[in-house]
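> Okay, sequence plus prediction incoming.
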Amino acid sequence: MGPIALAFGLALLAWVLVVGDLLRRHRPAWHWYLAGYPATACRVMFTWRKVAMLNDLAVSTRAPRGLLGDLVVKGDPLRPVVPRLSFPRANRMGLTATVRLHAGQTPATYMKAADALVHAWKVHAVRVTSPERGLVLLTATASDPLARPGLASAPAALLSALIGVLESGGAWVMDLRLVPHWLIAGATRSGKSTLLARLITQLAPQPVALVGIDCKGGMELGLFADRLSALTTCRREAVAVLAALVDDMQERMHACRTAGVRSIWELPDKLRPIPVVVIVDEIAELYLSDGRRESKAEAEQCSTLLLRMAQLGAALGMHLVVAGQRVGSDLGPGVTALRAQLGGRICHRVNDPGTAEMTLGDLNKDAVVVAQSITPDEKGVAVCTGPEGGWSRARSHLTSTEEASATARKHADLTPELPAIDRALAALEGDDK
């Protein structure tokens with residue numbers, strides 16, 4: 001029976017390993033609940049005390065003192081007291097545990113210890129948040145959810161675009177009705193252009209006007225010209241188009257005031273003007289000046305017009321999506337003023353810390369650090385803000401240029417005409433002649 005039992009045990013072990021590997025590849029959530037979570041939960045509980053001691057998460061009370069006549073009697077020193085950790089609770093992406101802070105402790109200490117927790121628990125990442133005073137929530141992610149993002153789903157809505165997947169596994173959605181204006185930063189080959197292609201692909205079937213401003217000769221947005229109501233390829237054209245849109249915005253304001261409403265969304269359908277989404281690729285090209293008087297005047301005009309659209313456009317159906325490789329205060333004070341009006345922020349891998357700080361620094365310092373840690377291998381990965389003010393790592397779905405161009409051609413018949421822009425560009429051509 002000995003050899004038979006051994007053979008049976010080996011066969012059972014082999015079967016368990018095969019089934020485990022299949023589950024890990026095809027049903028990662030099942031594999032996590034059955035095998036990963038029990039092992040990780042035990043590791044968390046067994047290592048907590050040691051990790052807390054080594055990373056200054058424990059506190060020590062002062063040794064008791066007493067008086068015996070005129071003599072001061074000291075008690076034995078107390079051992080450091082480790083904060084109490086709740087038993088880890090499983091979720092499909094990892095686990096969570098809460099820590100009750102001792103008096104005088106702050107969540108900042110736990111944020112500094114996050115990397116140590118990652119190594120001790122053998123997980124992908126640990127996020128530290130404080131849902132209420134005196135409590136810290138530790139959220140451990142078992143593996144990188146952005147390594148193989150699935151196709152998350154989201155309900156279709158006007159001016160809403162399914163961009164990709166969040167680190168939590170949920171859908172990454174850019175909803176321009178909730179967050180009307182966006183700033184997107186990213187170095188070359190970081191995924192910025194792919195994200196813009198995905199955005200255009202999602203908005204193309206919708207009854208919206210898309211206006212492209214690409215002062216790099218139209219190399220990026222020119223691929224989607226069939227679905228664009230207007231495409232400018234130089235700053236002079238951009239000034240004319242933006243001025244026409246600001247004039248149109250004034251007409252929309254008059255229509256709302258006449259109807260006694262505060263936004264175009266309160267107007268009847270037959271009176272509601274079509275929403276306009278202005279996509280700017282490489283914002284620096286609009287702000288940089290070569291020193292010539294005409295160039296400086298055009299840059300100032302672009303700055304003023306973009307700022308007016310950002311300040312007043314949300315209720316009037318005018319939306320801005322501004323992208324650039326580098327976004328910094330060195331481009332001029334207008335960039336900082338515009339940045340304050342762009343509530344949505346997306347930061348891919350960037351080449352300089354200043355761009356990450358400019359994109360996310362006024363919202364959350366932790367988000368800046370996470371954005372700077374994105375590696376060149378993580379194409380499409382970005383730190384994005386949510387409609388409720390939080391932030392998350394996310395990854396956009398891969399949308400090839402060919403797919404985006406084909407979608408633009410397919411929905412070319414939906415491209416609305418914008419007479420104000422057409423007249424402005426025609427007048428510009430007349431001046432050139």
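The structure has been received and is ready for your questions. No experiment lies behind these values; they were computed from the predicted model shown.
> how is this structure carved up into domains?
40-141, 160-432 (automatic domain parsing).
> highest average neighbour count across those?
domain 160-432 (a mean of 19; mean count of other CB atoms under 10 Å). From N, CA and C alone the C-beta is placed, and that goes for glycine too.
> So what's the gap between it and the chain middle?
In this view, domain 160-432 has its centroid 15 Å away from the chain centroid, taken as CA atoms, centre = their mean, to the nearest Å.
> same question, stretch 118-127
Distance of stretch 118-127 from its chain centroid, counting by CA atoms, centre = their mean, is 22 Å.
> hey, C-alpha coordinates of it in CSV?
Extracted C-alpha coordinates of stretch 118-127, given in CSV (Å, rounded to 0.1, in the frame of the first residue of the first chain):
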residue,chain,number,x,y,z
VAL,A,118,4.3,45.3,-0.2
HIS,A,119,7.5,43.3,0.3
ALA,A,120,6.4,41.7,3.6
TRP,A,121,3.0,40.6,2.3
LYS,A,122,4.3,39.7,-1.2
VAL,A,123,1.6,41.7,-3.0
HIS,A,124,1.6,44.1,-6.0
ALA,A,125,0.7,47.3,-4.1
VAL,A,126,-0.6,48.7,-0.8
ARG,A,127,-2.8,51.8,-0.8
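> got the contact list for that stretch?
The contact list for stretch 118-127 (CB atoms under 8 Å, 6 or more residues apart in numbering) reads 40, 43-44, 47, 50-51, 94, 114-115, 117, 138-144.
> With stretch 293-311 instead?
181, 235-236, 238-239, 242-243, 245-246, 249, 278, 280, 286-289, 318, 320, 322, 332, 334-335, 337-338, 341-342.
> Show me those that map onto strands.
181, 278, 280, 318, 320, 322 (DSSP state E).
> can you put those residues in JSON lines and add pLDDT and distance to Leu307?
Formatted as JSON lines, the ones in strands among the contacts of stretch 293-311 follow (pLDDT from 0 to 100; distance: CB to CB, whole Å):
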{"residue": "His181", "pLDDT": "95", "distance to Leu307": "11"}
{"residue": "Val278", "pLDDT": "96", "distance to Leu307": "13"}
{"residue": "Val280", "pLDDT": "94", "distance to Leu307": "13"}
{"residue": "Met318", "pLDDT": "95", "distance to Leu307": "13"}
{"residue": "Leu320", "pLDDT": "96", "distance to Leu307": "10"}
{"residue": "Val322", "pLDDT": "95", "distance to Leu307": "11"}
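> Return the member of those nearest to Lys410.
Val278 (22.2 Å; CB to CB).
> Next, give phi and psi for Asp422.
Dihedral angles of Asp422 (phi, psi; degrees, to the nearest 10) stand at phi -60, psi -40.
> for it, what are its contacts?
Here Asp422 is in contact with Ala230 (CB under 8 Å, 6+ apart).
> what packs against whichever strand or helix holds Leu199?
Assessed by DSSP states H and E, Leu199 sits inside helix 192-203. The contact analysis (3 or more CB pairs under 8 Å, 6 or more residues apart in numbering; DSSP states H and E) places helix 192-203 against strand 160-166, strand 181-185, strand 276-281, strand 318-324, strand 391-396, helix 401-410.
> got the angle between the third one and helix 192-203?
Orientation note: strand 276-281 sits at an angle of 160 degrees relative to helix 192-203 (axes from the mean of the first three to the mean of the last three CA atoms, to 10 degrees).
> ok, residues contacting strand 276-281?
Contacts of strand 276-281 (CB under 8 Å, 6+ apart): 159, 176, 193, 196, 199-200, 203, 208-216, 220-221, 229, 242, 245, 248, 286, 306, 309, 317-324, 418.
> switch the cut-off to 7 Å
With contact meaning CB atoms under 7 Å, 6 or more residues apart in numbering, strand 276-281 is reached by 176, 196, 203, 208-214, 220-221, 245, 317-323.
> picking up where we left off before, return the angle between stretch directions for the helix holding Leu199 and helix 401-410.
Computed by the same axes, to 10 degrees, the angle between helix 192-203 and helix 401-410 is 30 degrees.
> Tell me which strands the very next helix or strand once past helix 192-203 pairs with, and in which orientation.
With elements assigned by DSSP H and E, the helix or strand that comes after helix 192-203 is strand 209-214. Partners of strand 209-214 in the sheet, by DSSP bridges, are strand 230-232 (parallel), strand 276-281 (parallel).
> that older thread, next step: the contacts of stretch 293-311 restricted to helices.
235-236, 238-239, 242-243, 245-246, 249, 286-287, 334-335, 337-338, 341 (DSSP state H).
> what's the least confident stretch among the domains of the chain?
Here the lowest mean pLDDT among these goes to domain 40-141, at a mean of 81.
> distance between that one and the chain's centre?
Using CA atoms, centre = their mean, the offset of domain 40-141 from its chain centre is 30 Å.
> does Val370 count as helix, strand or coil?
Look at Val370: counting by DSSP: H, G, I helix; E, B strand; the rest coil, its state is helix.
> That one contacts Ala382, doesn't it?
No - judged on CB atoms under 7 Å, Val370 makes no contact with Ala382 at a distance of 10.0 Å.
> quick check: angle from the helix holding Leu199 to strand 181-185?
Using the same axes, to 10 degrees: helix 192-203 against strand 181-185 is 150 degrees.
> Quick check: Asp362 vs Thr336, distance?
Distance, Asp362 to Thr336, using CB to CB, to the nearest Å: 9 Å.
> Sorry, slip of the keys, the one I care about is Trp172.
Using CB to CB, one gets 27 Å for the distance from Trp172 to Thr336.
> so is Ala35 in a helix, a strand, or just coil?
helix.
> Which residue lies closest in space to Ser405, excluding its sequence neighbours?
Leu223 (4.9 Å; CB to CB, 6 or more residues apart in numbering).
> hang on, that neighbour in a strand?
No - the assignment for Leu223 by three-state DSSP gives helix, which leaves it out of any strand.
> Please enumerate the strands of the stretch 1-150 of the chain.
65-68, 71-74, 84-85, 89-91, 94-100, 125-129, 135-141 (DSSP state E, counting those that start in this stretch).
> which residues touch Arg339?
183, 358.
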